[in-house]
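**Student:** Fold the stuff below for me.
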Amino acid sequence: MTFSPTRSPLRRITARGRDEAHRVASPLELFFDLCFVVAIAQAGVALVHAVAEGHAGEGILNYAMVFFAIWWAWMNFTWFASAYDNDDALYRVVTLVQIAGVLVLAAGVSRAFEDHEFLAVWLGYVIMRLALIAQWLRVARATEGAERTMALRYAFGVLLCQVGWLGLLVLPEGGRPWVFLVMAVLEMCVPPFAERDHPTSWHPHHIAERYGLFTIIVLGETIAAATVAVKSGIDEHDALNELLPIAAGGLLIVFAAWWIYFVVPIHGHLRSSRQAFLWGYGHYVVFASAAAIGAGLEVAVEQAVGKAHISTLAASAAVTLPTSLYLLTVWLLHARYFKVGISQQLVLPVTALLVICCTFLGERAVLAAGIVAALAVVTGTTLSARMAARESQEPARVA
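**Tutor:** Coordinates of the predicted model:
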């Protein structure tokens, strides 16, 4: 949808049809995703520093908190846009304000990790959420009945939660993880509460595409971060022999991660809001683990060249654990719905377990994990091909 000389730059915002044909991501949505990757990259860099310095527990907790803020803001925009994107001038401006908010959040990520100072992160979140509230109030003004009530519930719920996030600024440091846990649960309760009487008209194919595109962007950021780390290690330490197995294994892991995610057409599974909510919420783990794979590869590189103050086992776990989590979550969210027979169902869970076992293989752990992930793709493809061949032969036998 683009501006036309015959159309007003300000248009009434109305729900788009769930059965709308040829619904695809807009250029504004793609720009939105790219700007969010800036924040994800900052969170990944901070995680690398924390793990490399031996503060893995603290780093993972901060990463989980910051990544939730990034992911939840992205998700709120994505589902709103799927239902109400009218692409007029006001909608574009408000979306650009949301982008500005995530850039402010990104600027505060390092302070949040190093000094436990969440002011900039909170301010960025305020900008994004106030813009979202404005969008929902605009929907409420243009609609009536149950739809208007739904929009007002969204606006009120988002505002109330934003007030709750003040706890990150005013409570003692020890209480902040509990604030995060409570507020994360409350945030995720807002959509079911708002839509209990009137669901939004999100588009299944559009939503599946948006999540897929963001997965690609996160995996791309993982490759970029790992490539920079390997290049730095080679340039500064002349450690090609030590880094080549990590680079090869990391590349195989990312290639397999892409293949496994996109091997099934998930939009056909998103038939109800309940299914969509569970699937959408589960992607917090998919996105966070995919980004963490890149951070883990950077840690493995730093450990290999002697820059990280951790053991080879810990550095290997920084790659294998998020990889295993990614594989298992993708299986739980949608791959299992398209698998037939116990053999196909077991491929990804067994692969996740084997990847964890690779942690204990020392300097070759990342390469071994990459090979295991690649073999999972080969195995899954072979099983699917054999089943397709059997199904094609059965009608011939009947005839």
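**Student:** which stretches of this protein have low pLDDT?
**Tutor:** 1-8, 239, 267-269, 394-399 (pLDDT under 70).
**Student:** what ranges do the helices span in it?
**Tutor:** Ranges of helices in the chain, per DSSP state H, are 27-52, 56-84, 89-107, 109-114, 119-142, 145-164, 167-170, 176-194, 204-237, 240-262, 273-304, 312-333, 341-357, 365-398.
**Student:** Let's have those in a markdown table, adding distance to Gly17 and mean neighbour count.
**Tutor:** Bear in mind the C-beta positions are built from the backbone N, C-alpha and C, glycine included. Shown next, in a markdown table, are those (distance: least, CB to CB, whole Å; neighbours: other CB atoms under 10 Å):
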| stretch | distance to Gly17 | mean neighbour count |
| --- | --- | --- |
| helix 27-52 | 18 | 21 |
| helix 56-84 | 10 | 21 |
| helix 89-107 | 17 | 19 |
| helix 109-114 | 38 | 20 |
| helix 119-142 | 16 | 20 |
| helix 145-164 | 14 | 17 |
| helix 167-170 | 40 | 16 |
| helix 176-194 | 20 | 16 |
| helix 204-237 | 11 | 19 |
| helix 240-262 | 26 | 20 |
| helix 273-304 | 16 | 23 |
| helix 312-333 | 26 | 24 |
| helix 341-357 | 35 | 17 |
| helix 365-398 | 34 | 16 |
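**Student:** how far away is Cys357 from Leu321?
**Tutor:** 12 Å (CB to CB, to the nearest Å).
**Student:** and what of Ala83?
**Tutor:** Distance from Ala83 to Leu321, by CB to CB: 36 Å.
**Student:** these two touch, right, Gly370 and Ala247?
**Tutor:** No - between Gly370 and Ala247 there is no contact under CB atoms under 8 Å: 9.6 Å.
**Student:** For Ala64, which non-adjacent residue is spatially closest?
**Tutor:** Ala288 (7.1 Å; CB to CB, 6 or more residues apart in numbering).
**Student:** ok, the one you found touching Phe67?
**Tutor:** Yes - between Ala288 and Phe67 there is a contact under CB under 8 Å: 4.8 Å.
**Student:** you'd agree Leu47 is up against Ala295?
**Tutor:** Yes - assessed by CB under 8 Å, Leu47 is found in contact with Ala295 at 4.4 Å.
**Student:** Which residues does stretch 96-105 contact?
**Tutor:** The contact list for stretch 96-105 (CB atoms under 8 Å, 6 or more residues apart in numbering) reads 31-32, 35-36, 38-39, 66, 69-70, 73-74, 77, 120-121, 123-129, 131-132.
**Student:** at 6 Å what do you get?
**Tutor:** The contact list for stretch 96-105 (CB atoms under 6 Å, 6 or more residues apart in numbering) reads Phe32, Cys35, Phe36, Ala39, Val121, Leu123, Gly124, Ile127, Met128, Ala131.
**Student:** At the geometric centre of the protein, which residue sits there?
**Tutor:** Phe287 (2.5 Å; CA atoms, centre = their mean).
**Student:** List the contacts of that residue.
**Tutor:** Trp71, Val218.
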